[in-house]
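*Asks:* okay, sequence plus prediction incoming.
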Amino acid sequence: MLPKSELSHFLRSRRARIKPDSRDVRTSDRRRTPGLRREEVAARMAISTEWYTKIEQGRVESLSDRVVSALGRALELDKVDVLHLQSLTRRKTENIIDEAIPEGVIKLVRGLAEPAYVTNARWDVLIWNSAAAELITDFSLLSDEDRNILIFMLTTPEARTLFGETWPKEAQRMLGLFHADYDRNAHNPAFPSLITRLELECQEFSEWWNEHVIAAPVSGVKCLTGRDGVKRTFSYSSFMSNDALSLKMSIYVPES
């Protein structure tokens, strides 16, 4: 069975974004909700409303490539959203969160002069170097429950100071990246429990999370304010581990 709640919320959120046009039925009707109706999406896909409703409610066992492509066109999805839809409809295995860290990755992170850390699919911080502890936070002082990038980013004053005026944009970008991981792993109780905590401890979280933004990982530049009050610019990149695909290394390289 397809991942019901995650697929349903994703499709509903994308349906609500679309402004009806001449292709859609009864566009002159007074609408109580934004976006397309289910029957209008079904008409765009050339399938029955009943069949689309079953898809949106996660009541089908699987979807063919043709149907997934038709969904993407009907809902006007961009490339990132299409890839996410494919991952939701073709999930066969789960990302584990207790995967062992390869010894080579540990040596690499600890040997870097630049701030670096490794996270799992839940974004728990598994290993970091002294430069990351100095720039971001000393993860060794945190409990296992608090040693998580989203917990740090969304619930601590320290993160808001670190990112300054860019904090809202950066926090939303992180949630867009994490939402893809969450949708693939929501059946794992450790993931919904993280969401519950963020809902309680971050005032902005629910609004941002319910937008169901999906972001693609990209390299970029971050301007961070250190504990000494000095702003520094870093080039940021993240990399997946070939030996443990659920692990991701993030690195901050100071710009000269």
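*Replies:* Great, that's in hand. Residues are numbered from 1 along each chain as shown.
*Asks:* contacts only, for residue 143.
*Replies:* Taking Cβ atoms under 8 Å, 6 or more residues apart in numbering as the criterion, residue 143 is in contact with no other residue. Every residue, glycine included, has its C-beta placed from N, CA and C.
*Asks:* part of a helix, is it?
*Replies:* No - with DSSP: H, G, I helix; E, B strand; the rest coil as the criterion, residue 143 is located in coil rather than a helix.
*Asks:* now it: phi and psi?
*Replies:* Taking degrees, to the nearest 10, you get phi -70, psi 170 for the backbone angles of residue 143.
*Asks:* separation between it and residue 246?
*Replies:* Residue 143 sits 22 Å away from residue 246, going by Cβ to Cβ, to the nearest Å.
*Asks:* now do residue 79
*Replies:* In this view, residue 79 and residue 246 are 23 Å apart by Cβ to Cβ.
*Asks:* quick one, which of these two is more surrounded?
*Replies:* The neighbour comparison of residue 79 against residue 246 (other Cβ atoms under 10 Å) goes to residue 246, with 18 against 9.
*Asks:* pretty sure the more buried one sits in a helix.
*Replies:* No - assigned with three-state DSSP, residue 246 falls outside any helix and is coil.
*Asks:* for the nearest residue to residue 197 once chain neighbours are set aside, give me the pLDDT.
*Replies:* Spatially, and ignoring its direct neighbours in sequence, residue 197 is nearest to residue 151 (7.2 Å; Cβ to Cβ, 6 or more residues apart in numbering). Residue 151 carries a pLDDT value of 98.
*Asks:* and residue 34, by the same measure?
*Replies:* The confidence metric pLDDT takes the value 81 at residue 34.
*Asks:* what of the one 10 residues further on?
*Replies:* Among the per-residue scores, residue 44 shows a pLDDT of 93.
*Asks:* identify the residue nearest residue 251 in space, chain neighbours excluded?
*Replies:* Per Cβ to Cβ, 6+ apart, closest to residue 251 is residue 116, 4.3 Å.
*Asks:* same question for residue 254.
*Replies:* Closest residue to residue 254 apart from its sequence neighbours, by Cβ to Cβ, 6+ apart: residue 234 at 5.7 Å.
*Asks:* give the helix, strand or coil label for that neighbour.
*Replies:* Quick answer, by three-state DSSP: residue 234 is strand.
*Asks:* if I pick it, what's in contact with it?
*Replies:* 115, 221-224, 252-255.
*Asks:* and what of residue 115?
*Replies:* 129, 131-132, 134-136, 234, 251-252.
*Asks:* try 6 Å
*Replies:* Contacts for residue 115 (Cβ atoms under 6 Å, 6 or more residues apart in numbering) come out as 131-132, 135, 252.
*Asks:* pLDDT score assigned to it?
*Replies:* As predicted, residue 115 sits at a pLDDT of 98.
*Asks:* how close does it get to residue 34?
*Replies:* 42 Å.
*Asks:* torsion angles phi and psi at the residue nearest to residue 34 when sequence neighbours are not counted?
*Replies:* Nearest residue to residue 34, sequence neighbours excluded (Cβ to Cβ, 6+ apart): residue 16, at 5.0 Å. Torsion angles at residue 16 (phi, psi; degrees, to the nearest 10) stand at phi -70, psi -20.
*Asks:* tell me which helix or strand the residue nearest to residue 88 when sequence neighbours are not counted sits in.
*Replies:* In space, and not counting its chain neighbours, residue 88 is closest to residue 7: 5.0 Å by Cβ to Cβ, 6+ apart. Assigned by DSSP states H and E, residue 7 falls within helix 4-17.
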